[in-house]
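**Student:** test case, fold it:
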Amino acid sequence: MSGWPGRPAVSSCRPLPSPPRTSASSASSPQVLLVGGIAFTVTAVRMTGRLNRKAEAARRNALGGL
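**Tutor:** Below you'll find the model as predicted:
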């Protein structure tokens, strides 16, 4: 059996064992998604408000302070 140049030949190909599953890791996934979704929503609302204030200031500036 020959390997790639510069690499030794491998006699058997076995897949690596997968890490053990714990109930804590599967239970925390929905919690992570919930917290991430809330954080994303808060950030999006804050950014929208900031852009609206910036646009309003630019509009007032363009109209000469009406």
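**Student:** quick check: which ranges of this protein have low pLDDT?
**Tutor:** Judged by pLDDT under 70, the chain has its weakly predicted residues at 1-13, 22-27, 65-66.
**Student:** quick one, helices of it?
**Tutor:** 23-62 (DSSP state H).
**Student:** can you pull the contacts of Lys54?
**Tutor:** By Cβ atoms under 8 Å, 6 or more residues apart in numbering, no residues touch Lys54. The C-beta positions use only the backbone N, C-alpha and C, and glycine is treated the same way.
**Student:** how far away is it from Val42?
**Tutor:** From Lys54 over to Val42 the distance is 19 Å, taken as Cβ to Cβ, to the nearest Å.
**Student:** also Leu63?
**Tutor:** The gap separating Leu63 from Val42 is 32 Å, by Cβ to Cβ.
**Student:** do the same with Pro30
**Tutor:** With distances taken as Cβ to Cβ, Pro30 is found 19 Å from Val42.
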